[in-house]
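S.K.: Below are the sequence and a predicted model for it; my questions follow.
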Amino acid sequence: MEKLKIGVLGSGKGSNYRAIQEAIARGELNAETRIVISDVETAGILALARGFGVRAEYVAPGRFRTKLEPEAEARVVELLREVGVEVVVLAGYMRMVKEPLLAAFPGRIVNIHPSLLPAFPGLEAWKQALSAGVSETGCTVHFVDRGMDTGPIIAQRPVPVLPRDTPETLHARIQVAEHQVYVEALGSIAAAIHSGFG
Ligand code: GRF
């Protein structure tokens, strides 16, 4: 079966991207990363991509804090198209996705969020879960729409909250689950797209 051609957007250390790239290398995910793009020049995810021999591009975000300047987002679209990306994978990308990216890849942008959505959307969802006193949280892979962490859910994985958890221990446990569920969800998407149902 044909490989799913992905483009990854991230702002941080890139542990989800690493998990995806390693699953590809092990032959467990039938995909190929065509490009990794970041709005943070020093982001670990760009260094990781270079280490894997994958094209890594920094796109200066412009003057806004929570979204890319329209010209910057247009540049992201141009790069993704140039390398033939089919699915855009957000992996710790800390900005809202706007036009023209949404319009360029309708139903083809996915995100991972560290909670069982619709619970705890937004920033530091693991801290929200601790403050709420829930005994279980988790992570969610979902399609991206105009809202903040609101698009259709693709897959979820529950994670227990333990009595002595700190934000750091809980986030670390959620990340282990993220790395598994993101790879599995992308595998399903690859199968769906290349079997003609995408
Ligand atoms: C993850 O917790 C993810 O759920 C959230 O941002 C974090 C990214 O971590 N969207 P990493 O850069 O993949 O390590």
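M.R.: Cool, the structure landed. None of the values given here were measured: they were computed from a predicted structure.
S.K.: hey, let's count contacts and neighbours off CA atoms from now on
M.R.: OK.
S.K.: The longest helix along the chain: which residues count as buried?
M.R.: The longest helix of the chain (DSSP state H) is helix 167-194. Residues 170-171, 174-175, 177-179, 181-187, 189-191, 193 are the ones in helix 167-194 that count as buried (16 or more other Cα atoms under 10 Å).
S.K.: can you check stretch 103-110 too?
M.R.: F105, G107, R108, I109, V110.
S.K.: on that earlier part again, among the buried residues of helix 167-194, which are in reach of the ligand?
M.R.: Residues shared between these and the neighbourhood of the ligand are Q175 [Cα under 6 Å from any ligand atom].
S.K.: can you list the buried residues of stretch 103-110 in a markdown table and add distance to the ligand and secondary structure?
M.R.: Converted to a markdown table, the buried residues of stretch 103-110 look like this (distance: Cα to the nearest ligand atom, whole Å; DSSP: H, G, I helix; E, B strand; the rest coil):
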| residue | distance to the ligand | secondary structure |
| --- | --- | --- |
| F105 | 19 | coil |
| G107 | 18 | coil |
| R108 | 17 | coil |
| I109 | 13 | strand |
| V110 | 11 | strand |
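S.K.: okay, these in TSV with pLDDT next?
M.R.: Listed next are the buried residues of stretch 103-110 as TSV, based on pLDDT from 0 to 100:
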residue	pLDDT
F105	98
G107	96
R108	98
I109	98
V110	98
